[in-house]
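**Student:** sequence first, then the predicted structure, then my questions.
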Amino acid sequence: MKLGILGGTFDPPHKGHIEIARVVKEELGLDTVIFMVAGNPRMKGDSKITPVKERVHMVSLAVQDEDGFTVSTLEAERPGTTYTAETIKELQSKAMPGDELYFILGWDNLLKFKYWHKPGEIIKNCFLAAVPRPGAEKPVMEQLEKDVPGISKRTVLLDVPLIDISASEIRERIIKDQQISGLVTENVAEYIRMKGLYR
């Protein structure tokens with residue numbers, strides 16, 4: 001099987017996340033895309049994040065009508081700081097012989113990949129599927145190869161989709177009492193309203 005992993009805080013999950021998963025799934029012929037909800041991601045530093053239980057529930061709502069999408073709480077349940085290298089290693093240990101893992105990330109994060117925790121170990125255990133991000137230049141694989149040897153053979157650079165939705169924008173709109181319809185699925189919007197999140 002070919003498995004995609006789309007990680008993130010998903011605070012909140014939005015239609016851009018869904019579209020990225022759909023397009024990568026189709027472009028690479030993935031069987032499943034796993035939405036990996038982060039618990040305490042290192043890159044987020046001290047920024048305030050909605051409790052993980054709420055974020056897992058929102059992601060479950062967002063993907064419930066999508067074929068081949070699942071939600072994992074592997075990172076959410078792990079104590080301490082979340083590292084992608086550990087997550088991928090654990091997923092690889094549970095994979096069947098012949099399974100392929102594809103970690104989905106944006107061009108912007110691929111450009112900073114050398115700063116990630118154990119980048120060499122990540123690409124040893126999975127492929128990278130990199131999608132464009134607004135304002136991010138297309139990565140030059142020759143340069144990335146100098147920084148992380150072996151990465152060019154383990155990376156698929158995609159030109160689609162270009163999604164211009166951000167979770168921070170959605171949170172700002174909620175604070176300002178503006179509409180978020182069209183940015184998140186209706187059931188997620190209703191859950192946010194019901195729980196009074198981001199106010």
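**Tutor:** Nice, I can see it.
**Student:** now stretch 24-32: buried residues?
**Tutor:** 24-25, 28, 30 (16 or more other C-beta atoms under 10 Å). Just so you know, the C-beta spots here come from the backbone N, C-alpha and C atoms, and that holds for glycine as well.
**Student:** other residues contacting that stretch?
**Tutor:** 1-4, 6, 33, 68-70, 102, 104, 129, 131, 156, 158, 160 (C-beta atoms under 8 Å, 6 or more residues apart in numbering).
**Student:** now with 7 Å, please.
**Tutor:** For stretch 24-32, contacts defined as C-beta atoms under 7 Å, 6 or more residues apart in numbering pick out 1-4, 33, 68, 70, 102, 104, 129, 131, 156, 158.
**Student:** out of those, which is most surrounded?
**Tutor:** Top of the contacts of stretch 24-32 by neighbour number is residue 104, holding 29 neighbours under the definition other C-beta atoms under 10 Å.
**Student:** residue 21 versus that one, what's the distance?
**Tutor:** 7 Å (C-beta to C-beta, to the nearest Å).
**Student:** shared neighbours of those two, anything?
**Tutor:** With C-beta under 7 Å, 6+ apart as the test, residue 104 and residue 21 both reach 4, 6.
**Student:** which ones among the buried residues of stretch 24-32 map onto helices?
**Tutor:** 24-25, 28 (DSSP state H).
**Student:** relative to residue 109, which of those residues is nearest.
**Tutor:** residue 24 (14.2 Å; C-beta to C-beta).
**Student:** what's the distance between the residue lying closest to residue 57 once chain neighbours are set aside and residue 108?
**Tutor:** Leaving aside its sequence neighbours, residue 57 sits nearest to residue 191 (C-beta to C-beta, 6 or more residues apart in numbering; 7.0 Å). Distance of residue 191 to residue 108, given as C-beta to C-beta: 28 Å.
**Student:** out of the contacts of stretch 24-32, which sit inside strands?
**Tutor:** 2-4, 33, 70, 102, 104, 129, 131, 156 (DSSP state E).
**Student:** these: which two are farthest apart?
**Tutor:** Among the ones in strands among the contacts of stretch 24-32, 70 and 156 lie farthest apart (C-beta to C-beta), at 21.1 Å.
**Student:** quick one, helices of this protein?
**Tutor:** 15-28, 52-63, 84-94, 107-111, 119-125, 141-147, 167-175, 186-195.
**Student:** which elements pack onto the fourth one?
**Tutor:** With contacts defined as 3 or more C-beta pairs under 7 Å, 6 or more residues apart in numbering; DSSP states H and E, the packing partners of helix 107-111 are strand 127-131.
**Student:** does anything pack onto the strand it packs on? Which helices or strands?
**Tutor:** helix 15-28, strand 100-106, helix 107-111, strand 155-157.
**Student:** quick one, which of those is nearest to residue 59?
**Tutor:** Comparing these under C-beta to C-beta, the one sitting nearest is helix 15-28, at 8.2 Å.
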